[in-house]
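*Asks:* Structure, please.
(2 chains)
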2 protein chains.
Amino acid sequence: MRLSRYFLPILRETPKEAEIVSHRLMLRAGMIRQESAGIYAWLPLGLRVLNKINAIIREEQTRAGAIECLMPTIQSADLWRESGRYDAYGKEMLRIADRHDREMLYGPTNEEMITEIFRAYVRSYKDLPLNLFHIQWKFRDEVRPRFGVMRSREFLMKDAYSFDLTAEAGQHSYNKMFVAYLRTFARLGLTAIPMAAESGPIGGNSHEFIILASTGESEVFCHKDFLSFAPPPASIDFDDAAALQAVVDKWTSRYAATSEMHDAAAFAAVPEEAQVAARGIEVGHIFYFGTKYSEPMKAVVNGPDGKEVVVQMGSYGIGPSRLAAAIIEAGHDDNGVIWPESVAPFHVGVADLKVGDPATGKVCADLVAQLENAGLDVLHDDRDERPGAKFATLDLIGLPWQVLVGPKGLAEGRVEVKQRRTGERELLAPQDAVTRIVAAMRQAQA
Amino acid sequence: MRLSRYFLPILRETPKEAEIVSHRLMLRAGMIRQESAGIYAWLPLGLRVLNKINAIIREEQTRAGAIECLMPTIQSADLWRESGRYDAYGKEMLRIADRHDREMLYGPTNEEMITEIFRAYVRSYKDLPLNLFHIQWKFRDEVRPRFGVMRSREFLMKDAYSFDLTAEAGQHSYNKMFVAYLRTFARLGLTAIPMAAESGPIGGNSHEFIILASTGESEVFCHKDFLSFAPPPASIDFDDAAALQAVVDKWTSRYAATSEMHDAAAFAAVPEEAQVAARGIEVGHIFYFGTKYSEPMKAVVNGPDGKEVVVQMGSYGIGPSRLAAAIIEAGHDDNGVIWPESVAPFHVGVADLKVGDPATGKVCADLVAQLENAGLDVLHDDRDERPGAKFATLDLIGLPWQVLVGPKGLAEGRVEVKQRRTGERELLAPQDAVTRIVAAMRQAQA
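*Replies:* Numbers count the residues shown, from 1 in each chain, chains lettered A, B, ... in the order given. As a prediction, the model looks like this:
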């Protein structure tokens, strides 16, 4: 992508309204723009990150056997009356009357709707287990939206819903999502710790997945072993209930709790050098709630003996829009964002330090072509700007690799390759720069 | 994908509420489910089609130089007051009050919001031309939603917005989208005819893109030459204004009009054997409206002489959700849908006609693996169902290719390959079936 033809509105000033670093950097790097309180437009650079997060979530959901669908944003109030949540949900629900004065709402979550879909079609235990997910915009009318897309009113959520015949099978479905979430966060470059949690308005048992960050909204307590546990491998067999249970057991074998669930005595029993008390950001939440919705909404199947069985359900949420901010909270420095390779909006920035010079122009064009042919996403800074502005922009937007092409270096047959994370710089022949970056990216994505 | 682990709720009965064939077939094939009047959930098979349509639209928009962003669904009423459309829009606009009684709305289109984004960041003519698009859910509160996703209230729209310094540059931007639309519809397997149109509530000059279908909502009149014009090639240079103008001139050189714009005298001048009077479905609409929004909303840039210039704008809409239905209107028979290769939810269905037989099971597994390795999307019908039900399902969901694997054929080393569109059947060795299908798909996608 040629930057002269792209839309990357960098802000020089630090926006005053932004209280946390991810909000500041997303505004400064031209990733998002607030359109109303807690409602954001995703500018091109931000959307690229959001789409890459979605792709990883989708892959891991699919690997775990969940099937993607897409439910609408607007729901009927009647559906929520069936579960009893229409009146219970409170002011966070955005309630709407249509032109015929029918009561509608902007979905804050989809338990009722997915249960309606399930009961409309599924008749037999033979069609279970079933797990359907979608990635769709939700709305929660927070009284005080803040922190940019970390706590917005309109936000993107991946929500999955599992249906099973028995509680045991339901636990297996829950464990599939538990393991899928561990893999998802690891691929996003995050160390997420599952913590037993209160289930809130959805009801039932649940785990929150928390990443540690000094700007986190809540206090959390855990054993430091979690910070070095390896995530489950891609080869794990999601049909193998025992293997999944072993992963879940391992990841729940140490103390970990949000402040709501904190047990000071139990935490005190953790060896002192292993006690971690920190702030955390919730990046995922999974629930097992049995028949909470299937019972009132009559989601039943015929069991093996021909008798009707009320199905066991769970739901599993991740917020991709919030994750974009959480990844920045976990990865930045004074100069800007430091993206993990997996979600970087572009993998490489190639900066022409003397636009108009045929030599730098040709080397840049060749580098871009070769890097793109290797499957990498490349941003080509071909703007007529001074080098200092280009360095600052590349650092700010946080691409993992920078290639700086100037006439001085080229006179010696060299370009400068800079790794954003380490700041390490190398002078290399253009061809060696390509080899170096492609090899490093392959390794990072393996 | 193994069908036994998929969610494909086929309906045997023809749903009574469906008035047109696409609505009937989308319900029967388990593609969509109505959740409220004019509001649909996309079930897994339908979502696959929708995503493939989106991918083609996205590719062609990007090829034409448009840049993707993503604006929110909920907008502030104040923004629409700036253009004067808040009061003008009428009851089709879904108006919402949030918890603080601020007036909001569910966006039916995004001219105001994109103009707000533009004016917030763009200062110089050097940053033009600029074309930003997004693919986002919209809501129009139709008084009588009908025809399934063809005329729903919540619908997906790709809308692009161009910004230029001069009217001439604005025309070039308009022509880019005109050409991109011709390519998009051709890749979707549709013959779409551009027709000069009244511009409606958006204002300015415009073309509608219409496909001919007996169930079309409006009467259209055109020269039959349009039915055989070749679409512009992928190699067309979107920076070459003259080349684009030549394409636009060609595609506007014959009579073509919707009933609102119909000129009976001009149509009578078309040779009688070339007169086509038919029903049509609008599948895209492009507008050039100059300063209609930029003037009241003060979207200005500094021109080359340092003076402020109000920018020239256009907007360009395609409805991917409506297109899914339109493609079915244009491609079906009594047995079900006939998908073009480019948007088929799966390219091939492999049916095991005797589930449990190790021989058919092994051949099916091999076929699926080889076809998937060749990059095709494969649905593997491994359900324990009678062959007749499998044939009917495959015909109904309209995959371009079927491979039927039964013990009788296998005894002679053969599987049956059926092409959905022609009904043509061949008995081939499994390896030859793979070769045959992969070659045909490569040709279709070239």
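*Asks:* Pull the number of nearby residues for the nearest residue to A:V355 once chain neighbours are set aside.
*Replies:* The shortest distance from A:V355 to any non-neighbouring residue, by CB to CB, 6 or more residues apart in numbering or on different chains, is to A:D384 (4.8 Å). C-betas here are computed from N, CA, C, even on glycine. A:D384: 10 surrounding residues under other CB atoms under 10 Å in any protein chain shown.
*Asks:* Please apply the same query to A:V143.
*Replies:* For A:V143, the neighbour count with other CB under 10 Å is 9.
*Asks:* give the contact list for it.
*Replies:* Counting by CB atoms under 8 Å, 6 or more residues apart in numbering or on different chains, A:V143 makes contact with A:K91, B:R99.
*Asks:* Likewise for A:L47?
*Replies:* Applying CB under 8 Å, 6+ apart, the residues near A:L47 are B:E68, B:C69, B:L70.
*Asks:* so is A:K16 in a helix, a strand, or just coil?
*Replies:* coil (DSSP: H, G, I helix; E, B strand; the rest coil).
*Asks:* Give me the distance between it and chain B.
*Replies:* Going from A:K16 to chain B by CB to the nearest CB, to the nearest Å gives 16 Å.
*Asks:* how close does the residue in the stretch 101-250 of chain A that chain B sits nearest to get to A:Q75?
*Replies:* Using CB to the nearest CB, A:Y121 is the residue of the stretch 101-250 of chain A that sits closest to chain B, at 3.7 Å. Noted for A:Y121: a distance of 18 Å to A:Q75, by CB to CB, to the nearest Å.
*Asks:* Settle it for me: which of these two has more neighbours?
*Replies:* A:Q75 (25 against 16).
*Asks:* Secondary structure element for that one, which one?
*Replies:* Using DSSP states H and E, A:Q75 maps to strand A:74-76.
*Asks:* do that strand and chain B meet?
*Replies:* Yes - using CB under 8 Å from any CB of the partner chain, strand A:74-76 reaches chain B at A:I74, A:Q75, A:S76.
*Asks:* A:G107 against A:E154, yeah?
*Replies:* No - contact criterion CB atoms under 8 Å: A:G107 and A:E154 do not qualify, at 11.2 Å.
*Asks:* Mind checking which of those two has more residues around it?
*Replies:* More crowded of A:G107 and A:E154, by other CB under 10 Å: A:G107, with 26 against 23.
*Asks:* ok now do that one, which residues does it touch?
*Replies:* Counting by CB under 8 Å, 6+ apart, A:G107 makes contact with A:M71, A:P72, A:T73, A:I74, A:Q75, A:M113, A:Q136, A:K138, A:F139.
*Asks:* Apply 6 Å and report the result again.
*Replies:* Going by CB atoms under 6 Å, 6 or more residues apart in numbering or on different chains, A:G107 touches A:T73, A:Q75, A:K138.
*Asks:* Look up the closest residue to it, ignoring the ones flanking it.
*Replies:* Nearest non-adjacent residue to A:G107, counting by CB to CB, 6+ apart: A:Q75, 4.8 Å away.
*Asks:* For the one you found, name its beta-bridge partners.
*Replies:* Residues in a beta bridge with A:Q75, per DSSP bridges, are A:L105.
*Asks:* Could you do A:V301 as well?
*Replies:* On the basis of DSSP bridges, A:V301 is bridged to A:V309.
*Asks:* Pull the number of nearby residues for it.
*Replies:* For A:V301, the neighbour count with other CB under 10 Å is 23.
*Asks:* Now the residue of the stretch 101-250 of chain A closest to chain B, what are its backbone angles?
*Replies:* phi -120, psi -30 (degrees, to the nearest 10).
*Asks:* need the helices for chain A, in chain order.
*Replies:* Here chain A has its helices, by DSSP state H, at A:21-28, A:44-63, A:77-83, A:85-88, A:111-121, A:167-187, A:241-251, A:264-268, A:320-330, A:358-373, A:387-397, A:407-411, A:430-445.
*Asks:* can you redo those helices as a markdown table with mean pLDDT?
*Replies:* Below are those laid out as a markdown table (pLDDT from 0 to 100):
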| stretch | mean pLDDT |
| --- | --- |
| helix A:21-28 | 97 |
| helix A:44-63 | 98 |
| helix A:77-83 | 97 |
| helix A:85-88 | 92 |
| helix A:111-121 | 98 |
| helix A:167-187 | 97 |
| helix A:241-251 | 97 |
| helix A:264-268 | 95 |
| helix A:320-330 | 97 |
| helix A:358-373 | 98 |
| helix A:387-397 | 97 |
| helix A:407-411 | 96 |
| helix A:430-445 | 94 |
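*Asks:* Mean neighbour count, these: which tops it?
*Replies:* Among those, helix A:320-330 has the highest mean neighbour count (mean count of other CB atoms under 10 Å in any protein chain shown), at a mean of 26.
*Asks:* you'd agree A:G148 is up against A:V21?
*Replies:* No - A:G148 is beyond contact range of A:V21, at 10.2 Å (criterion: CB atoms under 6 Å).
*Asks:* who are the neighbours in contact with A:I318?
*Replies:* Contacts of A:I318 (CB under 6 Å, 6+ apart): A:I57, A:K158, A:G284.
*Asks:* what is the mean pLDDT for the biggest strand by length in chain A?
*Replies:* Criterion DSSP state E: the longest strand present in chain A is strand A:275-290. What strand A:275-290 shows for mean pLDDT is 94.
*Asks:* So which bits of it are buried?
*Replies:* A:V276, A:G280, A:I281, A:E282, A:V283, A:G284, A:H285, A:I286, A:F287, A:Y288, A:F289, A:G290 (16 or more other CB atoms under 10 Å in any protein chain shown).
*Asks:* how close does the fourth one sit to A:I210?
*Replies:* As for A:E282, its distance to A:I210 is 6 Å (criterion: CB to CB).
*Asks:* Ok, the third one next?
*Replies:* In this structure, A:I281 lies at 7 Å from A:I210, with CB to CB as the measure.
*Asks:* Kindly report the same for the fifth one.
*Replies:* A:V283 sits 7 Å away from A:I210, taking CB to CB as the criterion.
*Asks:* Equivalent analysis for the last one, please.
*Replies:* A:G290 sits 24 Å away from A:I210 when distances are taken as CB to CB.
*Asks:* ok, the nearest residue to A:V122 once chain neighbours are set aside - contacts?
*Replies:* Closest residue to A:V122 apart from its sequence neighbours, by CB to CB, 6+ apart: A:V301 at 6.0 Å. A:V301 is in contact with A:S124, A:Y125, A:V309, counting by CB under 6 Å, 6+ apart.
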